[in-house]
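> A predicted structure for the sequence below; I have some questions about it.
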Number of protein chains: 2
Amino acid sequence: MTQFAIGVDLGGTNLRAAAISVSGQMLGKIAAETDLSKGPGQVVDDIVRSIETLRQRHREQRLTGVGIGVPGFIRIAEGLIVGSNNLRCLEGYPIRDHIERRLGAPVVLENDANAAALGEKWMGAGKDVEDLVLLTLGTGIGGGIISHGRVLHGFVGMAGELGHMTVVTNGNPCGCGNRGCLEKHASATAIESMSNLLGLGEQLSAKAVFDFAVQGDERAKMIFTAMGQALGTAIANLVNIFNFPLYLMSGGVLAAWDFFYPALVEEVRWRSFTYRNTQTRIEKAALGNEAGLYGAAYLPVQAHRVTTE
Amino acid sequence: MTQFAIGVDLGGTNLRAAAISVSGQMLGKIAAETDLSKGPGQVVDDIVRSIETLRQRHREQRLTGVGIGVPGFIRIAEGLIVGSNNLRCLEGYPIRDHIERRLGAPVVLENDANAAALGEKWMGAGKDVEDLVLLTLGTGIGGGIISHGRVLHGFVGMAGELGHMTVVTNGNPCGCGNRGCLEKHASATAIESMSNLLGLGEQLSAKAVFDFAVQGDERAKMIFTAMGQALGTAIANLVNIFNFPLYLMSGGVLAAWDFFYPALVEEVRWRSFTYRNTQTRIEKAALGNEAGLYGAAYLPVQAHRVTTE
């Protein structure tokens, strides 16, 4: 009997789930909504329903297990979310154990950016390496570190909070309590803030700023240069710390790659001796918003050492 | 036949070597000088002579292997030093292979701060954990990362260059090409530079600045506060990145712990959500300048999985 796994990506309003074979073939996906205001029990119901739907569709195969990626700080051993701007109602709720009990199948809870990094390592831009760092550029910035082919967790499960690295010593204040966090200088939100500050327009989206840049607007281009420099400072630190072969970026902001990448790589080059003296690659991730689904599905496969041949 | 290993710590002028049992007992140490101006062949001769002296003294035991810690960037697979301010004459010279051939025993080349971190994990302040970060505070700042009980190397062997993390976005220029490197804001050299800038005195040593602080001099105390803040910024990043349970510091500057630690921990606290929500420890290393000897000796023990019972 062949085996498959299910990866779930839980966001603030959306819920996506995918059935993926243990060798990494996408078998099918479903999307659903979830209403956090109805409380954690309802969210668990919605997740279980999605998983059961996929399990039913693939009932001729055996379900290895389920991985669930969530935005926020987690305690991996307990399967708990301990801090999440988007999923406050789930903080401290034993979501993993509830779902596991309902399904009768192993469930792994993981940070969503960690899951995306693992997905890129398994079936994406990091297939050929065992060590990589992924930065997910969205309204915030998440990070995932893959070391020796596995997610680096730290002792609690909070490793990889790369969006909260300080890149500007006394920079913009962040909800985490720090100032100058990477995500306050290089996320889509940061691009929007900068466009306000530079008078490009009020409440422009990052996409609108990108459109201005495409049209040749100098202020818009300057915003992407500043964003690239902030990202470059962070990546230079990561290169100096990890000396990994591959640093990936994902997220909608990648559409503006040509506007921010030159400043980014210039910043990494002058800030990192290691970058200048090694064949370090800084690249776009390959799986888009499916990376988290692949990585979440791979978690139980990896945990149970299922043969993928 | 019981087994032992030899750890070597090679500096710019000094050469130390220690015979250590595979269970971590210090059997004996020797110190020698080495004259880099006489070229790499002479340095190899000096190292081999020290090792042979120790091997002779412990000839009733079998030599598992030798580890050599060196300051600078290394390529671990080739056993080469590729960049070192203190050992320029050895850059690109196949030092590991030459020593290995002369001894007829396995030799591992390692960055000195990596070796010190491993030593602290094996027999020092990190005995009870599998994951830690060590910062060595000296004229420069070195770093070593221990993950799952082993040195994190990266793909070339250059991981852990923590002294070159950017802590002040446009800070002091560093020999590595960057500005605002941790070691330009928190090393003994940085303390000396700050004392010049603040008019505390010209060409004061870090020890002299410490003595001023002990006497209650406000400028001297301010210097250690600034140094603690820079260290705290770096450690906050490391906590956010790794979520490891333990961050250690070593080096002569630790004498001034009471002057810089309060500012350090305050900086980590406000800059790191993870620190505030976990039982992360920031402590003094335990083995002093013997950490590198222990760690270097442990390298061949670990590489060959010698039973330490």
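It's in. All of these numbers come straight from a predicted model, not from anything done at the bench.

> now the strands for the stretch 101-250 of chain A?
Counting by DSSP state E, counting those that start in this stretch, residue ranges of the strands within the stretch 101-250 of chain A are A:107-111, A:132-137, A:141-147, A:150-151, A:246-250.

> minimum distance to chain B: which of those has it?
strand A:141-147 (6.3 Å; CB to the nearest CB). To be clear about C-beta, it is placed using only N, CA and C from the backbone, and glycine gets the same treatment.

> which helices and strands sit right next to the closest one?
helix A:112-123, strand A:132-137 (3 or more CB pairs under 8 Å, 6 or more residues apart in numbering or on different chains; DSSP states H and E).

> please render the ones you listed as a markdown table that adds mean pLDDT to the earlier fields.
Listed next are the helices and strands packed on strand A:141-147 as a markdown table, based on pLDDT from 0 to 100:
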| stretch | mean pLDDT |
| --- | --- |
| helix A:112-123 | 98 |
| strand A:132-137 | 98 |
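
> now render the ones you listed as TSV, adding distance to A:Gly154 and mean neighbour count.
Shown next, in TSV, are the helices and strands packed on strand A:141-147 (distance: least, CB to CB, whole Å; neighbours: other CB atoms under 10 Å in any protein chain shown):
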stretch	distance to A:Gly154	mean neighbour count
helix A:112-123	11	29
strand A:132-137	14	28
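
> so who does the residue nearest the centre of chain A touch?
For chain A, A:Ala113 is the residue whose C-alpha lies nearest the centre (CA atoms, centre = their mean; 2.4 Å). A:Ala113 makes contact with A:134-136, A:142-144, A:160, A:162, A:292, according to CB atoms under 8 Å, 6 or more residues apart in numbering or on different chains.

> around chain B, which positions in the stretch 51-200 of chain A sit nearby?
Residues of the stretch 51-200 of chain A found near chain B (CB under 8 Å from any CB of the partner chain) are A:73, A:82-83, A:129, A:131, A:143, A:145, A:147-148, A:152-162, A:164-169, A:171, A:176-180.

> tell me the two of the contacts of A:Ala113 that are most distant?
A:Leu162 and A:Gly292 (15.7 Å; CB to CB).

> more neighbours: which of the two?
Between A:Leu162 and A:Gly292, counting by other CB atoms under 10 Å in any protein chain shown, A:Gly292 is the more crowded of the two (37 against 26).

> please name the nearest non-neighbouring residue to A:Asp131.
A:Phe244 (4.3 Å; CB to CB, 6 or more residues apart in numbering or on different chains).

> next, count neighbours for the one you found.
Neighbour tally, A:Phe244, other CB under 10 Å: 25.

> okay but it is in contact with B:Leu152, surely?
No. A:Phe244 is not in contact with B:Leu152 according to CB atoms under 8 Å; the separation is 9.6 Å.

> distance from the chain centre to stretch A:159-176, please.
Centroid separation for stretch A:159-176 versus its chain: 16 Å, with CA atoms, centre = their mean, to the nearest Å.

> buried residues, it. List them.
Along stretch A:159-176, these residues count as buried under the neighbour rule (16 or more other CB atoms under 10 Å in any protein chain shown): A:159-169, A:171-172, A:174, A:176.

> that one - what's its average pLDDT?
The average pLDDT within stretch A:159-176 is 96.

> show the contacting residues for the residue lying closest to A:Ala256 once chain neighbours are set aside.
Nearest residue to A:Ala256 in three dimensions, chain neighbours excluded: A:Phe210, at 4.7 Å (CB to CB, 6+ apart). Taking CB under 8 Å, 6+ apart as the contact definition, A:Phe210 lies against A:220, A:224, A:255-256, A:259.

> ok, of those, which come out buried?
A:220, A:224, A:256, A:259.

> how many neighbours does A:Glu33 have?
Residues within reach of A:Glu33, counting by other CB under 10 Å, total 9.

> do the one 5 residues further on as well
Residues near A:Lys38, counting by other CB under 10 Å, number 12.

> quick check: it vs chain B, distance?
27 Å (CB to the nearest CB, to the nearest Å).

> same question for A:Glu60.
Distance from A:Glu60 to chain B, by CB to the nearest CB: 38 Å.

> next: A:Lys184.
A:Lys184 sits 13 Å away from chain B, taking CB to the nearest CB as the criterion.

> ok, that residue - contacts?
Residues counted as contacts of A:Lys184 (CB under 8 Å, 6+ apart) are A:171-174, A:190, A:193.

> of those, closest to chain B?
Closest to chain B, out of all of the contacts of A:Lys184 and judged by CB to the nearest CB, is A:Gly171, at 7.8 Å.

> wait, the closest one sits on A:Arg179?
Yes. Using CB under 8 Å, A:Gly171 is in contact with A:Arg179, at 5.4 Å.

> OK, contacts around A:Asn85?
A:71-72, A:140, A:175.

> helix/strand/coil for it?
Secondary structure for A:Asn85, judged by DSSP: H, G, I helix; E, B strand; the rest coil, is coil.

> quick one on the thing from earlier: which neighbours do A:Phe244 and B:Leu152 share?
A:147, B:159.

> quick one, longest helix in chain A?
Ranked by residue count, the top helix of chain A under DSSP state H comes out as helix A:218-242.

> okay, how far is it across stretch A:139-158, tip to tip?
Its first and final residues considered, stretch A:139-158 spans 19 Å by CA to CA, to the nearest Å.

> tell me which residues in that stretch are buried?
The neighbour-count check on stretch A:139-158 (16+ other CB under 10 Å) flags A:139-147, A:150-158 as buried.

> and for stretch A:19-29?
Those would be A:19-22, A:24, A:26-27, A:29, for stretch A:19-29 by 16+ other CB under 10 Å.
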